[in-house]
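# Structure, please.
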Amino acid sequence: MKVEYVSPFVEAAVKVMTTLLQVTPERGTLSARPQVFTTQQVNIVCGITGDVEGQVIFGMSIVAADRIASRMLGSPVVTFDQLAASAIAELGNMISGNSMTLLHGQGFTCDITPPTIIKGSNVKISTLDIPALVIPMRLKDIGEFEINVSIKERTRRAA
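Numbers count the residues shown, from 1 in each chain. Prediction:
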């Protein structure tokens, strides 16, 4: 996978979280996985379609998800309920939407599917045979936030 596909997601995540949560994420070391896999408890899954295709997963612990939702909603989240899940899904939607704008600036026309929230540990999602690049981010007073990008350029068909 090309790094130019990953950079827009990192840039968008930093921008959205800094604005929305008033926390500037600290980026960790980039790593690779042979397929999309996450050990996080709460995951936002967005599909990518168009010139590039695949999916991105934003993962975090349940504690981090509660803290993020609390900041977004302006009141404490005690239990990760439907309202908290909606806030977390919107975070993924905002980061992914901003990423599509940045990819468009690189000459790619693409779109996102609506976000899906998946709760549970050791989630494995394999719809495409695309390796994932993983970017961990540390959010002060919130916790870890992981971005798994698994996209490739769409194969062009002859007319």
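# Quick check: the gap between the most centrally placed residue in the chain and T109.
Within the chain, one residue has its C-alpha closest to the average C-alpha position: by C-alpha atoms, centre = their mean, that is F58, at 3.2 Å. To T109, F58 is 23 Å away according to C-beta to C-beta, to the nearest Å. (Each C-beta comes from the backbone N, C-alpha and C, glycine too.)
# Could you do I142 as well?
I142 is 34 Å from T109, by C-beta to C-beta.
# higher neighbour count, those two?
I142 (22 against 11; other C-beta atoms under 10 Å).
# tell me the SS of the residue lying closest to that one once chain neighbours are set aside?
Computed as C-beta to C-beta, 6 or more residues apart in numbering, the closest residue to I142 that is not its neighbour in sequence is R67, at 4.6 Å. Under DSSP: H, G, I helix; E, B strand; the rest coil, R67 falls in the helix class.
# Do I have it right that G28 meets M137?
Yes: in this structure, G28 is within contact of M137 by C-beta atoms under 8 Å, at 6.5 Å.
# More neighbours: those two, which one.
M137 (22 against 14).
# In this structure the more buried one contacts G143, no?
No: applying C-beta under 8 Å, one finds M137 not in contact with G143, separated by 9.9 Å.
# where does the protein dip in pLDDT?
1, 35-37, 126-128, 156-159 (pLDDT under 70).
# and the helix ranked longest in the chain, what other elements does it pack with?
Assignment by DSSP state H gives helix 82-105 as the longest helix of the chain. Identification of packing neighbours for helix 82-105 by 3 or more C-beta pairs under 8 Å, 6 or more residues apart in numbering; DSSP states H and E yields helix 3-21, strand 42-50, strand 52-60, helix 62-73, strand 110-112, strand 116-119.
# do you know which of those lies nearest L102?
Closest approach to L102 among the helices and strands packed on helix 82-105 (C-beta to C-beta): helix 3-21, 3.5 Å.
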